[in-house]
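Novice: task: produce atomic coordinates for the following.
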Amino acid sequence: MSDINSVIPEHLRGPFPTRGNRFSRWVGRVGMRVLGGWRVEGELPQTRQAIIPVAPHTSNWDFFVGVFVKLALGMKLSFLGKHTIFRFPVRGLLIWLGGIPLNRGSAQGVVAQMIEEFKQRDELMLALSPEGTRKKVDEWKKGFLHMAKATGVPVVPIALDFSRKVMEIRPPMLITGDIDEELLRVKAEVAHAVGKKPQNA
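Specialist: Got it, this is the predicted structure:
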């Protein structure tokens, strides 16, 4: 087992969940070239569950880069969405794309709902933007860290660096300590990345 996988809990070890085929991977590679010659650095961890914060998030272009990288690598990712958008005729498509409907008005709370999702699913790779907005923020949202600490699921930070046209997969980490200190540890993994609009980062 490689060093980067040494932190993965035994019960979560296994191949990184994949989706797609040769054609979809080809589309992803072409898209990465069209957007300026993007490449991927780093290694996908051998885990069936993970929380994947992608930062910095400064532009709508981040989404398109992410989609093409996802296709090129065949990554099976999920994302959070307000439950009201998961309705006919797009519900089926959103679910197929990996969407997880959340009721933000629920007394259970988003973090508690996601903890339950991780308990119920054998595979779940949750990608999210910890900043929560394209605008400059002083602090990230900490919900993903609470999810990771409560479930024991590793966090795999991804740095979206427009200065080098690189999407960098950072080593997985387990969240076990004080949330504020753990947040600094995660942010340090992507601090070198420059966003599309660095004034917003």
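
Novice: what's near enough to touch Val155?
Specialist: Residues in contact with Val155 (Cβ atoms under 8 Å, 6 or more residues apart in numbering) are 50-53, 144-145, 148, 172-175, 186. C-beta here means a position set from N, CA and C on the backbone, and glycine is covered the same way.

Novice: Val110 - how many residues pack around it?
Specialist: Neighbour count of Val110, defined by other Cβ atoms under 10 Å: 16.

Novice: I meant to write Asn21 there.
Specialist: Per other Cβ under 10 Å, the neighbour tally for Asn21 reads 9.

Novice: burial count for the spatially closest residue to Leu94 that is not a sequence neighbour?
Specialist: If the residues on either side of it in the chain are set aside, Leu94 comes closest to Phe86, at 5.6 Å by Cβ to Cβ, 6 or more residues apart in numbering. For Phe86, the count of nearby residues is 17 (other Cβ under 10 Å).

Novice: cool, Phe63 as well?
Specialist: By other Cβ under 10 Å, 12 other residues sit near Phe63.

Novice: tell me how far Arg25 lies from Val156.
Specialist: 20 Å (Cβ to Cβ, to the nearest Å).

Novice: which one of these two has more residues nearby?
Specialist: Counted by other Cβ under 10 Å, Arg25 and Val156 do not tie: Val156 has more neighbours, with 25 against 15.

Novice: correct me if wrong: the more buried one contacts Ile51.
Specialist: Yes - Val156 is within contact range of Ile51, at 7.3 Å (criterion: Cβ atoms under 8 Å).

Novice: circling back: phi, psi for the residue nearest to Leu94 please.
Specialist: Dihedral pair for Phe86: phi -90, psi 70, per degrees, to the nearest 10.

Novice: Gly177 now?
Specialist: Backbone dihedrals for Gly177, given as degrees, to the nearest 10, come out at phi -100, psi -160.

Novice: count the residues that sit near it.
Specialist: 11.

Novice: spell out the secondary structure type for the most centrally placed residue in the chain.
Specialist: When Cα atoms, centre = their mean is applied to the chain, the residue found nearest the centroid is Ala127 (2.3 Å). Under DSSP: H, G, I helix; E, B strand; the rest coil, the three-state class of Ala127 is strand.

Novice: what of Ala159?
Specialist: Recorded secondary structure, Ala159: strand (three-state DSSP).

Novice: what's the spacing between it and Leu12?
Specialist: Distance, Ala159 to Leu12, by Cβ to Cβ: 23 Å.
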